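Student: pasted the sequence and its predicted model underneath.
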Amino acid sequence: MTTILAVKRDGEVAIAGDGQITIGDVVMKHSANKLRTLYHGQVIAGFAGAVADALTLAERFDAQLDKHSGQLRKAAVELAKEWRTDRVLRRLDAWLVAADQTSLLVLSGEGDVIEPDENVVGVGSGGGYAQAAATALAKHTGMSAVDIARIGMGIAADLCIYTNRRISILAIGGENKTAVEVPAEKPE
């Protein structure tokens, strides 16, 4: 299991993910990277679910981005159509959170494309914890998207046994026209 958290705020989007891969009740890996930059660094994505399924979904989404010149919404809708008609894709157990400088979308395991209401979304085993923490921070602080994602993931790691503190963060927007990796620990 895993936790992915995405936060959109003030023209910036941050996606954070933990590094834990669990099979049953055994941690198989502590430092997996579940985040990707796609379409020449103009799109960032995080995935949760069965690893092979999630990688397949990310690859298919990247192909749709290429096909549709990086148009996030168009690529997501076309992937959802493909998902619903392809026998292999319909069996994938994965979630994909994807963002560009203006949009934040979730592609569900059912082939749905969802745009969250609150500009905050969490998926995976600790997604609810991370999303709740991030939503509260977004509503009651002036923190950046990156800081909200960082703290939300830390809270999820404290509560969810399937989420660890080896957090990766990608951000896009604001001063960053293409994706950048952000330190998981806030610089002093």
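Tutor: Done, it's in.

Student: C-alpha only now, for contacts and for neighbours.
Tutor: Fine.

Student: centroid residue for this protein?
Tutor: residue 46 (3.1 Å; CA atoms, centre = their mean).

Student: bridged to that residue, which residues?
Tutor: residue 35, residue 97 (DSSP bridges).

Student: got the buried residues for stretch 107-117?
Tutor: For stretch 107-117, the neighbour count (16 or more other CA atoms under 10 Å) marks 107-113, 115 as buried.

Student: got phi/psi on residue 24?
Tutor: Phi and psi for residue 24, reported as degrees, to the nearest 10, are phi 60, psi -120.

Student: likewise residue 13?
Tutor: phi -120, psi 130.

Student: my guess is it meets residue 175, correct?
Tutor: No - Residue 13 lies out of contact with residue 175 (CA atoms under 8 Å); the separation is 11.3 Å.

Student: these two: which has the busier surroundings?
Tutor: Counting neighbours by other CA atoms under 10 Å for residue 13 and for residue 175 shows that residue 13 has the greater number, 30 against 8.

Student: can you give me the strands in the protein?
Tutor: For the chain, strands defined by DSSP state E occupy the ranges 3-9, 12-17, 21-23, 26-29, 35-38, 43-49, 94-99, 104-107, 113-114, 120-124, 168-173, 176-182.

Student: for residue 31, see how far away residue 19 is.
Tutor: Noted for residue 19: a distance of 4 Å to residue 31, by CA to CA, to the nearest Å.

Student: who's more crowded, these two?
Tutor: Shown here are residue 19 and residue 31; by other CA under 10 Å, residue 19 has more neighbours (23 against 15).
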